[in-house]
Each structure stands twice: as C-alpha cells, then as structure tokens.
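[1] show me how the following folds:
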Amino acid sequence: MMLRYALKTVRARKAGFLGAFLALMCAAALITACGTLLDTGLRGTIRTERYGAAPVVVSADQYVHQTTVKHKKGKTKVKHKAKPIAERAWLSEHLRSTLVRTPGVARVVPELTFPAQPLTPAGTGGRTAYGHAWDSAALTPYRLTAGRAPWATGDLVIDADLAARARLRPGDRLAVQSSQAPRSYRITGIATPATAVRHQTSLFFSEAEARRLAAHPGQVTAFGVLPAKGEDTDRVRRAVAEALHGTTAQVSTGDARGPVEFLDAASARIRLVSMGGAMGGTSLLVAVLVVVGTFALTVQQRHRELALLRAIAATPGQIRKLLGREALIVGVAAGTTGALLGLPLGSWLHSRFVALGAVPDTLEHTASVFPPLAALAATLLGAWAAARIASRRVARIRPAEALAEARSERTGPAWGRIIAGLLLLAGGVVLVIVLTSLRTEPASTPVTFLAVVVLATSVSLLGPALVKAAALLLAGPLRLTGHGGRLATANLRGNAARMASVVTPLTLLVGMTCTVLFVQSTLGDAARTQVREGTRADWVVAAQGPGVPGEAAERLRARHDTVTEVVRTTVRVGLDKYPAQGVSPAGLTRTWDPKVTAGSLGRLGPRTVAVSELVADQHYLKPGSTLKLTLGDGTPATLTVAAVYARGLGFGDLTFDHGLVARHVDNPLASSVLVSTTRTQTQLATTLREFPGLQILSPTAADDLQADRQQTNAEVNYLAMGLVLAFTAIAVVNTLAMSVAERVREFALLRLAGATRRQVLRMLRTEVLSVLLIATTLGSGIALAVLTAFSVGMTGGAAPEVVPLLYVAVVAVAGLLALVAGAVPGRVALRVRAVTVATSKE
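    Down below sits the predicted model:
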C-alpha cells in the first residue's frame, strides 16, 4: 500500500523530484567514474609486447619487503608489507646456467633494456625508445626485413616503424643518445615485429655495445625462457620457480609479463588506486552532503502535504516509510542512469590522465560491472538515508500542530542539529590542527580535502543559525537598497532553513575550489623559492632529450668551470618513499646551497648522505648517524649522515654522491648541470656544440622551465578534483533553482500586494547576492584555515600562496551560477498570472 502511494506521489510530482533526481544521478556518475579508475588500478591489463614470444619471463623483484613480528598474549603475529621501488631492478647473469638446466627449458634468452633516444627530426612518434642486444630480438620476435644483424660496435638495427617515420634505410647513419655521449651508428638492418608493438621504439645493438651502454656489468634486465616443443607453459613455470627458489627472482607468464616490461604502467596502477580512492571518497562525502540538502529542501517544499497526512492519522513511521520508499524509487532511476553515464565519463577521465602523462597508455582502461553496481548501491543508500534524515522533524510533530506548523518555518532552535554541527566543527578544527604537523604531500592531501568537507558539513548543520546571524549583520546595508532589501532581510530571517540549503553547496564550491587551486600554488611556490634561493650557479645546462651526458660535464670541467651534475631518483627508508638526488661533490658549495643546518657538505661522498630536516626528524638522525635505505633499483645501502639541510622541499629529502646514484637508476644522465663560471652563455654553448639538445639557461630561465613542469603536474590534480567541483557547481544551480521554483505562491501574493515583476526580481537578486556573500565568506574562511594549516605543515610558513585574480575568478563564477540559477526560475515563476496562483489550491 505504502509503495503504491509512493509510486503515485513520484509520478504526480515529477517536477518536485527532479532536483533530487539530478543530484543523485550526478552523484552516481561521479562515483562510477572514480570507481572505474580504481578498478583500472586494481585489475587493469598491461599487455606485453617485447616478450610476446617468451611464454615465461624471469625478472628481478621490484618491491621492498618488510616483515614485522609481534608477540601479544602468547600469540605471534607476522605481518608482511611490500612497496614498489622506483627504478628497474636487475638480475645476476649467473642465473642463466640454472635456468638452462631446468627440465622443459629449450632456450634462455638474456634481455638488456636501457634508454636509447634516436636523434631524428621525426622523433619517436610519442613512443619511448629503448636499446637492446640483437640476441634478444627473438623474444618478440623481431625479424629482419632488410639488411643484416649488427656485428660491430658501430652497427645498429632499427624497427620498421622508426624507419618509415624517419625515412631511414640500411646504410644510413643515425645518432643515438643513450646512457653515454651521443654516438652515430650505421644502420645495418630493419626489423619488423611478428606481433604489434605500439608503445615503444626498439633499437638493436651488437651484444658488446649493448652491454657497454646498459652499464650493468654481469647483470641483465630479464631472461626470456622458451619451453621445449610440446612442454606445458605452467609446468615449465613451476619448474623454473622451483629452480630459482631462495633467490629474489620472479617468474611471470601470461598477462603478468606486461608489468615486468612496462614498469611505469605497473607503478601507475598504485597511482590510479590512490587517485581513484581519494576522488571516490571525496565524491561520496560531497554527494552525501549535497543529496541530504536536496532532500531536505524537497521535504520542506512538501511540508503542507506531509503535515496533512499527519493530521488524518498517519503515524510517524508511515511518513518515514513513505519518504524512504519515494527516495528509493528516485534513487533506482537516478542511480541507474548515472551509473551508465559514469562509464564513458570514467573512460574520458582515463584518456585525459594519459594525455597529461600521469598514466601511461600501456595500462588499459578497465570497465566492469562492479563500479556501476557500487555506485547504484551507494546512491540508494544515500537517497534512503537522506530522506530519513530530512523527514525526522516532519514525522515527529504532533497531528494537532501539523497544519499550523506547515505555514511557516520553526522559530525555535533545533538543538540536535546545532550540537551535531558543533561536534563536526570541532572535528574540522582537529583536522586543521593535525594538518599543521603533516609534512609529506601523500599524508597531507587527503586530510586537506577531508577537512574542507567536514567544515562544510558543519556549515550545513549550523546553516539556519548562521543565516539568521548574517541577516542581522546585513539588515542595515540591505535596508538602504529600498523595499526589495527589506523583503530580502525578512526572507533571510523567516526562511533561514531554505536559505541555508543554498548556502551549503555554495560554501562547498568556493571552499573546495580555492583549496584545490591554492594547495598546488602554495606547494609549488615554496619549492621554487627554495630552489631559487639555493642555486648559486651562474648557468644551468638542461636537456630537451633524456638528459645531459656525463661527457658534457667533463668537457666543462676541462675548461676549469665548477660543475655539479644532478641526477634524480626516489629511494625508500624502510617503506617510506622520499625524492632524492645525486650531486657531484667537488665544488658543490659554489653552485648549490640547500641551507645546511648541521654537519657539512664537504663530507659528502660514496659512503655518506645528506638528509633534509624532515627525514632527520622522522628517523631521528643527525650528522654521524647511520642510515639504512634502499636505492632506486632495490639495492640496500648503509650510509653515514654527513649533513642535515632545510631546503628539502625544493631539493629533495636525500642527497647522495652522483656516482652512487648514477649506478642505480635507469637513466644515469643528469637532469641538469649547474655551472659556476666567468664565461658567457655563448662560450658555454660553443663548448657543448657536439652535444645536441642541450640548453644553456640562466637560473631565472631554469626557474621558469620548472614552473611550466609544475603547472603540468598541477593540471593532473586539477583534473582529479575537477569532477567533484563540477558536481558541486551543478548542485549549487540545482538547489538554488529548486529553492526559487517553490516560491510561485509567495511571488504571486507580492504582486497582488502591488509589487511589480521588476521589484520581485530585484528582491530575489538581493537575496541571492546576500546568500552569495554569506557562502563566499564561509567558504573563503574554510579554505584560508585549511590552506594556512597545509602551508605550516609543508613549508614551515603560515602564508599560503593565493593568486588574487584566480580567487576573484572563483567568486565571480560562483556568483554567476547563483544569479543565473536564481533569475531563470524566478522569471518563469513570474510568468504565471498572480490571481490564478493565489486562488489555486495547494
């Protein structure tokens, strides 16, 4: 019976439920899109290309492992954790003899993979270029379609795609920038893969030259294991795994070979899980806040109808059941529609991440039934909970008060709501305080956005009281605007709950947008300031390609310049990840100043390390302390702390000797070279003329280049939160339009009392501007508090970087949305004849 009545109510009041439908639909689409990112990170396929003809691949372990044993109440609990390393881990070549003796193995092919960039005007077509030994061509397989294999150190075989794009053929010469100085090679052959290779360019060298360029003597990237004819792949895999038992080698078959080949795609899985989880969690919190507000407004618009049901003996339980079932009906329709729309939205979002370089295209987008089902379930639960929360007061009033209560808003304070709002406000303050002590971006970012949502939720609960307080403050200025201002003041006081339902999404929009925008500028500006203040060099040599060769730095040193090579990586202390760099120790203080606070950079060498104050505080280090860590390729190292410095945000948290880092990274070329010299830019360029793709920049120009790179990284974060902000903006328009649309009778009575359409619209515009002022003040206050705490924790200073023009643009967009969302339904409502509306039955 109640379900039938709920269906009839929804059918009869389609326009009244439209706002709730739109809010729920957008929420479902947003949750589905974030869920597909999470699903892609967890289950996305990484298909192999180079190892297509090798059913079994043996590679090194790409993880750092930590096992902890706890004894509690006579029980022993063993907990194992693993975190990925940043660079490629290499295998000992001696394992080949073990693999060759394994039953069922016909052939073992060693693989060498190293950066090798062809220096052609056509480039690589957006593909990453790798060098290999020709012997490993059998792993794809690549077969010669022209010319011959490379025998001498100056020979080179290129793939057919590069040959066609650069119009190269056997006999031509091609310059290649690998891990050493650029070198010209004679193309002896062109090879074509048996299967499609779409994501990389392959250059094949002779075995001796490949070993020299790989610069890992006695080690290989992987082994391709070819089973004997008729042997089962799974049986061979088990035999190989048993033969390698006790080593760190990993055995992969099928789709598990892809992550071995494409390490960046494997690490992107973790990034997508993190982004999808953070976006999905924030989206869910925002959706709950918006949907609760929308349903509260929907129930308020039906106050008279529901009060009448109470007056004719409907019980509180029946009212709650009715509203709950109406919400479920709307939730099913909106959730299904939104979940279907969320699938292409998630695909588009993945493609944008790929275009921005945050996710490689080798990680294929995955779309399963789980994200839509999870979104539908979350939508139904959110709709039902929102309806129950919104119906509490209507369901609890006594029948004798019902009709009188329906005439106007309750004037007494809702103490339960106020207490809940104060508790959330206290929780938000605690999060802000916690934020001041968080000094790493992965730790502070989720807390930052959670603090904004919690504080905005407290605004939602305290909204009516805040609106009434604001009305008292604005009464004087509004009175000066004439009769419209007086009516707007009366509406703010008398309909505070309705106005608060509009203030909440506007506050969230302003607060969240400012936080998203200025978190990046605060962090980026602090890092650039540290780099600017710490760079003492006269010139910075940067590369347009993979990096600056060591030979270029030696050429500058030969001219008596002070040169500091900088190569970047990521290391782990325990399981904690830190950005790090290797620098040339000789003359370091003439080019580089990280603001040493303890110890001396003069002691930096192959067995020592300099650490930032963050690392020193977290691991209780000081000069002379011993630090155990894992280098980028998984090699453990025990070093002595030589110095502690303050500018870790700009220069990285750990600094090593250049030679130590260069031996344990995929790309040993310097990301930049700092030069202290009396020579001019032109003279330096002349010295380096044999090295193509190098730029001689002033520190100011290098800073501008860094700013461009930071902007690209910031765009990824803007995109990640952009959908949440778009949903919030839709909620602003939706809620404000619903709020105005319900006032048709009120506008009609004003017109019958002598007000013109222009005067009513002026009153409405004054109300909207007042609400905008309240929301902007609250949203800006929330953002300022959170950004200040973020700045204190991350930069040590309580001065977030706020771009005034950007802030004005945020407020202007919010104001435009509010004015349009108020004016359009207001004009529609005023088109109906006042007499018809005033005399009609509700």
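
[2] ok, D657 touching T608?
    Yes. Under the criterion of C-beta atoms under 8 Å, D657 makes contact with T608 at 7.5 Å. All C-beta atoms are positioned from the backbone trio N, CA, C, and that covers glycine.

[3] hey, what's in contact with both of the two?
    Taking C-beta atoms under 8 Å, 6 or more residues apart in numbering as the criterion, D657 and T608 do not both touch any residue.

[4] ok, then the element right after the helix or strand hosting I158?
    Using DSSP states H and E, I158 sits within strand 155-159. The helix or strand immediately downstream of strand 155-159 is helix 160-166, counting by DSSP H and E.

[5] give me the neighbour count for R663.
    R663 is flanked by 15 other residues according to other C-beta atoms under 10 Å.

[6] contacts only, for it.
    Here R663 is in contact with A215 (C-beta under 8 Å, 6+ apart).

[7] all strands of the stretch 501-650 of the chain, in order?
    Along the stretch 501-650 of the chain, the segments classed as strands by DSSP state E, counting those that start in this stretch run 539-543, 562-573, 576-583, 596-599, 608-612, 626-630, 636-645.

[8] returning to what we had before: in its sheet, what does the strand holding I158 sit against?
    strand 183-193 (parallel), strand 200-205 (antiparallel) (DSSP bridges).

[9] most neighbours per residue, which of these?
    Greatest average neighbour count among the strands paired with strand 155-159 goes to strand 200-205 (a mean of 24), per mean count of other C-beta atoms under 10 Å.

[10] show me what the helix ranked longest in the chain is packed against.
    In the chain, assigned by DSSP state H, the helix with the most residues is helix 699-741. Counting contacts by 3 or more C-beta pairs under 8 Å, 6 or more residues apart in numbering; DSSP states H and E, helix 699-741 packs against helix 14-43, helix 263-301, helix 316-355, helix 496-534, strand 539-543, helix 804-830.

[11] in TSV: the ones you listed, plus mean neighbour count, mean pLDDT and distance to E767.
    Converted to TSV, these look like this (neighbours: other C-beta atoms under 10 Å; pLDDT from 0 to 100; distance: least, C-beta to C-beta, whole Å):
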stretch	mean neighbour count	mean pLDDT	distance to E767
helix 14-43	24	84	18
helix 263-301	22	81	15
helix 316-355	20	87	28
helix 496-534	23	88	7
strand 539-543	23	93	56
helix 804-830	17	86	8
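
[12] G722: which of these is closest?
    Evaluated over the helices and strands packed on helix 699-741, closeness to G722 peaks at helix 496-534, with 8.2 Å, by C-beta to C-beta.

[13] now for the closest one, which elements pack on it?
    By 3+ C-beta pairs under 8 Å, 6+ apart, helix 496-534 packs against helix 263-301, helix 441-479, helix 648-651, helix 699-741, helix 757-795, helix 804-830.

[14] any idea which of those gets closest to R559?
    Comparing the helices and strands packed on helix 496-534 against R559 with C-beta to C-beta, the closest turns out to be helix 699-741 (19.8 Å).

[15] quick one on the thing from earlier: for the strand holding I158, give the mean pLDDT please.
    What strand 155-159 shows for mean pLDDT is 96.

[16] who touches it?
    Residues contacting strand 155-159 (C-beta under 8 Å, 6+ apart): 118, 134, 137, 142, 144, 147, 149-150, 168, 174, 176, 185-193, 197, 201-206, 209.

[17] next one: the helix or strand where V225 lies to chain centre, how far?
    According to DSSP H and E, V225 maps onto strand 222-227. With C-alpha atoms, centre = their mean, to the nearest Å as the basis, strand 222-227 stands 37 Å off its chain's centre.

[18] quick one: low-confidence parts of the stretch 651-800 of the chain?
    For the stretch 651-800 of the chain, applying pLDDT under 70 flags the ranges 742.

[19] picking that back up, CA-only coordinates of the strand holding V225 in PDB, if you can.
    The C-alpha trace of strand 222-227 is given here as PDB (Å, rounded to 0.1, in the frame of the first residue of the first chain):
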ATOM      1  CA  ALA A 222      65.300 -10.200 -17.500                       C
ATOM      2  CA  PHE A 223      65.500 -13.700 -19.000                       C
ATOM      3  CA  GLY A 224      63.100 -15.000 -21.600                       C
ATOM      4  CA  VAL A 225      62.500 -18.700 -21.200                       C
ATOM      5  CA  LEU A 226      61.400 -20.700 -24.200                       C
ATOM      6  CA  PRO A 227      59.900 -24.100 -23.300                       C
END
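
[20] quick one: mean pLDDT over it.
    Rounded mean pLDDT across strand 222-227 is 96.

[21] list the helices and strands it packs on?
    Short answer (3+ C-beta pairs under 8 Å, 6+ apart): strand 222-227 packs on strand 56-59, helix 95-100, strand 105-111, helix 233-243.

[22] want to throw those into TSV with distance to V332, mean pLDDT and mean neighbour count?
    Below are these laid out as TSV (distance: least, C-beta to C-beta, whole Å; pLDDT from 0 to 100; neighbours: other C-beta atoms under 10 Å):
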stretch	distance to V332	mean pLDDT	mean neighbour count
strand 56-59	47	96	27
helix 95-100	57	94	16
strand 105-111	53	95	19
helix 233-243	45	94	17
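
[23] look up how far A809 lies from C514.
    To A809, C514 is 11 Å away according to C-beta to C-beta, to the nearest Å.

[24] could the strands paired with strand 155-159 be laid out in CSV, adding mean pLDDT and distance to I419?
    Shown next, in CSV, are the strands paired with strand 155-159 (pLDDT from 0 to 100; distance: least, C-beta to C-beta, whole Å):
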stretch, mean pLDDT, distance to I419
strand 183-193, 96, 68
strand 200-205, 95, 61
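
[25] now render the ones you listed as a markdown table, adding distance to L614.
    Output for those, formatted as a markdown table (distance: least, C-beta to C-beta, whole Å):
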| stretch | distance to L614 |
| --- | --- |
| strand 183-193 | 41 |
| strand 200-205 | 37 |
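
[26] can you tell me which of these is nearest to L226?
    L226 sits nearest to strand 183-193 of all those, at 16.7 Å, using C-beta to C-beta.

[27] hmm, who's touching the closest one?
    If you take C-beta under 8 Å, 6+ apart as the criterion, strand 183-193 is touched by 49, 52, 137, 140-151, 154-160, 163, 168-176, 202, 204-205.

[28] filter those down to the buried ones, ChimeraX style.
    Entered in ChimeraX, the line below selects the buried ones among the contacts of strand 183-193, by 16 or more other C-beta atoms under 10 Å:
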select :49,52,137,140,141,142,144,147,150,155,156,157,158,159,160,163,168,170,174,176,202,204,205
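
[29] thinking again about what came up before, what lines up beside the strand holding V225 in the sheet?
    strand 56-59 (antiparallel), strand 105-111 (antiparallel).

[30] residues making contact with the shortest one?
    This means strand 56-59. Applying C-beta under 8 Å, 6+ apart, the contact partners of strand 56-59 are 48, 51, 89, 91, 95, 99, 221-227, 233, 236-237, 240, 244, 249-253, 257, 260.

[31] what subset of the residues you listed is buried?
    By 16+ other C-beta under 10 Å, the contacts of strand 56-59 give 48, 51, 89, 91, 95, 99, 221-227, 236-237, 240, 244, 249-253, 257, 260 as buried.

[32] give me phi/psi at the residue nearest to R257 when sequence neighbours are not counted?
    Once flanking residues are discounted, R257 sits nearest to T48: 4.1 Å by C-beta to C-beta, 6 or more residues apart in numbering. Main-chain dihedrals, T48, degrees, to the nearest 10: phi -80, psi 150.

[33] from P55, how far out is T48?
    In terms of C-beta to C-beta, T48 sits 10 Å off from P55.

[34] what do those two both touch?
    In contact with both T48 and P55: no residue, using C-beta under 8 Å, 6+ apart.

[35] touching, V519 and P446? I think so.
    No. Using C-beta under 8 Å, V519 is not in contact with P446; the gap is 11.7 Å.

[36] what's G652 in contact with, if anything?
    R568, Y578, P579, A580, Q581, S612.

[37] bridged to the third one, which residues?
    The residues paired with P579 through beta bridges, assigned by DSSP bridges, are T570.
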